[in-house]
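In: I would like to see how this sequence folds:
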Amino acid sequence: MKHPTTHRRSLTPILALALLAAALGGFAAEPAKITLSSPQWLRDGVVYEIYPRNFSADGDFNGITARLDELKDLGVNILWLMPIHPLGEKMRKGTLGSPYAVRDYFAINPAYGTEVDLKRLVTEAHKRGLKVIIDVVANHTAWDSVLMQHPEFYKQDATGKIIPPVKEWTDVAGLNYQNPKLREYMINMLKHWIDPAGADLDGFRCDVASEVPTSFWEEARAELVKVKPDIMMLAEASKPELLVKAFDLDYSWPLHGTLNDVLLRGAPASELKRSWEESRKQFPEGSLHLRFSDNHDEARAVARFGVRGALAASVLMFSLDGVPLLYNGMEAGDATESGDPALFEKLPVFWNSKERPPLRQIYQGLIKLRKQYPAFRNDRTVWLHTSDEANLVTLLRLDEKDEFVIVINFSNRPATGWVEVLHDREFKPVAVAGMPEAPTDGFPLFRLNGFEWRIYHRTVK
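Out: Presented below is the predicted three-dimensional model:
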C-alpha cells in the first residue's frame, strides 16, 4: 500500500532557528547516524516479492513451496510474502478484498493454508539458504478485526467514531499508537511470527511505516532483536529517521517516482542522478534503500515502460547501491493487471508471456554478477559524465579489486555517445546471459539501440 501524502507540520522554535542559521551559513544540520547493525545476508541480498494469491494457480503456501528450487536457481535470497492474514469482509473492496485489510494478526488466511503449511514453506526455504519475511500492516485493520472489541485501540473523531487512517481508505480503520496496550499487543504479535519454535520468519516488511510513530518501531526493534538478533526490517517509507534505530532499509520512493517521470513523462535521464543525490544528502550515511521498478502497488513495469524500457529500469536498480527487488512474474515479463483495483481480485501471474526476451536468464546473469563482485554490493556509486545526459545514464561501481561502468540508454531511440572514465581503454564488455554480445572495442565510445544497456569491467591493478 502506498504511503499517503504527509501534511506539513509547524516547526518548533529550535528547529526554525536551526534552519535559519543553516540558510545564513551559520551551520548545517547533519543527518542522524545509524545505530543498527544490519545482517550481511540483507546487504548481499536480492528481495523477491510474492503475492501468494497470484503466484501460483492454487494461490497458497504450497504453491510457493513447490517453486522454491526455481527461486533459488533465479538467485534471489529473500522472499517477501505479502500479507498472510485473514482478510476483512466488512466494507471490503473488490471481490476478495485487500490483503492490507487484516482481520486477525495472529491467524492465517485459510485460502493460503495453515500455520503448518507456512512453517513447511519457511523450513524448506531455510534449507535452500533463503530467508522469508512477511508483510505487517501495523497502521490499520479491517473493520471486522478482532481488535474492534478494543475501540480504544483505534483513531477516533471528536464524536468518538472510529475513522480510517486516510479518508479514501474506506476498507480499513486506523490504529492509535498513543495507547500503550496496543503497542504491547503489536510487539507480542511480531515476536510470535519470528519465534524459532513457531513460524521462524526472518523479519518484516512494514506497510506505510511512516504513518506509525517512529517511537513504536524503535521500541519494537529493541524487543525483536532479543528473539532474533539478525532480524531484517524493511520500511515502506522514505523517512530518514526510521533508519536510525528501527529499520534496516526503506523504499527508494523518490527515485521510483523519478523513474516514472523519465520513462513515462519525458523528463531527462539526468533527473535520476539528481534524485539519488538528494536522498544521499537527506539520509544517514550508510543508509540502505530498496531499489525497485515494479511492485504490487501499480501497473506492471512492462505495461508502463514496455519490455525493453522495463529491463533498462531493472538494470539501473541492480546497478545502484542498495538492495534490488523483483516482484513475482518479472522474470517472465508478466503484464497481468496489478495495483488498485486489481489488488482486490485473483489475477494469477502469467508465466508464459509471448514474445519476450529471455528475461529469466538476464535476471539470473545480473544477480550472479552482483553476487560474484562485492563492488555491486557496497555504497561506492559514482555518476559519470557522458555526452548525452538527457538520455544516457552512466555509473561507476568499484572497490579495491574491480571497476564496472554501466551504460543505459533511457531513450527509445538509438544513441551514440561517450563516457568519461579513467583507464577507459582497460574496460571490456561483460557478457550477460540472454543478452547479445557487445563490441569488444571502441569503449569509451559506444552506440546503443533504444533502451539498450551494457556493462563494462576492468580489474584494478
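
In: domain parsing for the chain?
Out: Split into domains by automatic domain parsing, the chain comes to 32-376, 381-459.

In: CA atoms only for whichever strand or helix holds N54, dumped as CSV, please.
Out: Assigned by DSSP states H and E, N54 belongs to helix 52-55. Below are the C-alpha coordinates for helix 52-55, written out as CSV (Å, rounded to 0.1, in the frame of the first residue of the first chain):
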residue,chain,number,x,y,z
PRO,A,52,0.6,-15.7,-2.6
ARG,A,53,-2.9,-15.3,-4.1
ASN,A,54,-1.5,-14.8,-7.6
PHE,A,55,1.9,-16.5,-7.5
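
In: Could you point out the helix or strand that follows it?
Out: Downstream of helix 52-55 (by DSSP H and E), the next one is helix 61-65.

In: which residues are in contact with the following helix or strand past that next one?
Out: Moving toward the C-terminus from helix 61-65, the next helix or strand (DSSP H and E) is helix 68-74. The contact list for helix 68-74 (CB atoms under 8 Å, 6 or more residues apart in numbering) reads 48, 79, 121, 124-125, 128-130, 326, 331, 360, 363-364, 367. To be clear about C-beta, it is placed using only N, CA and C from the backbone, and glycine gets the same treatment.

In: Closest one of those to R183?
Out: Checking the contacts of helix 68-74 against R183 with CB to CB, the nearest one is L79 at 28.2 Å.

In: That closest one: what's it in contact with?
Out: Taking CB under 8 Å, 6+ apart as the test, what L79 contacts is 47-48, 50, 64, 71, 125, 130-133.

In: State the pair within these that is farthest apart.
Out: V47 and I64 (14.8 Å).

In: Just the element for A173, please.
Out: Applying DSSP H and E, one finds A173 within strand 172-174.

In: Now render the contacts of L79 as CSV, adding pLDDT.
Out: Listed next are the contacts of L79 as CSV, based on pLDDT from 0 to 100:
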residue, pLDDT
V47, 98
Y48, 98
I50, 98
I64, 98
L71, 98
A125, 98
L130, 98
K131, 98
V132, 98
I133, 98
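
In: So which of the residues you listed belong to strands?
Out: Of the positions in these, 47-48, 50, 131-133 sit in strands, assigned by DSSP state E.

In: For the stretch 151-300 of the chain, which segments count as strands?
Out: Per DSSP state E, counting those that start in this stretch, the stretch 151-300 of the chain carries strands over the ranges 172-174, 203-206, 232-235, 249-251, 288-291.

In: Note down every partner strand of the second one and its orientation.
Out: Within its sheet, strand 203-206 is paired with strand 131-136 (parallel), strand 232-235 (parallel), according to DSSP bridges.

In: Let's have these in TSV, adding distance to D388 and mean neighbour count.
Out: Converted to TSV, those look like this (distance: least, CB to CB, whole Å; neighbours: other CB atoms under 10 Å):
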stretch	distance to D388	mean neighbour count
strand 131-136	40	23
strand 232-235	35	26
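
In: Who are the contact partners of the residue most central in space within the chain?
Out: The centre of the chain sits closest to L290, judged by CA atoms, centre = their mean, with a distance of 4.0 Å. Contacts for L290 (CB under 8 Å, 6+ apart) come out as 47, 234, 249-252, 322-325.

In: If we use 6 Å, what do you get?
Out: 249, 251, 323, 325 (CB atoms under 6 Å, 6 or more residues apart in numbering).

In: Let me know how buried the closest residue to the last one other than its chain neighbours is, in neighbour terms.
Out: Right, L325. Once flanking residues are discounted, L325 sits nearest to F292: 4.0 Å by CB to CB, 6 or more residues apart in numbering. Neighbour count of F292, defined by other CB atoms under 10 Å: 26.

In: quick one: contacts for I134?
Out: 81, 84, 201.

In: Roughly how far does the last one sit from T123?
Out: Right, L201. 11 Å (CB to CB, to the nearest Å).

In: higher neighbour count, the two?
Out: Each of L201 and T123 has its neighbours counted (other CB under 10 Å); L201 has more, 25 against 13.

In: dump the residue contacts of that one.
Out: 132, 134, 193-194.

In: Repeat that for L384.
Out: 394, 396, 419-421.

In: go again using 7 Å as the cut-off
Out: If you count contacts by CB atoms under 7 Å, 6 or more residues apart in numbering, L384 has them with 394-396, 405, 419-421.

In: What does the pLDDT read for it?
Out: pLDDT, L384: 98.

In: Is E236 in contact with V208, as I believe?
Out: Yes. Because the distance of 5.9 Å satisfies CB atoms under 7 Å, E236 is recorded as touching V208.

In: quick one: which of these two has more around it?
Out: Neighbour totals were compared for E236 and V208, and E236 leads with 25 against 21 (other CB under 10 Å).

In: returning to that earlier point: I'd like to know which of the contacts of L384 are buried.
Out: With neighbours counted using 16 or more other CB atoms under 10 Å, the contacts of L384 contain these buried positions: 394-396, 405, 419, 421.

In: Of those, which belong to helices?
Out: Applying DSSP state H to the buried ones among the contacts of L384, no entry is found in helices.

In: Need the contact partners of the strand holding A173.
Out: Contacts for strand 172-174 (CB under 7 Å, 6+ apart): 101, 139-143, 154-155, 162-165.
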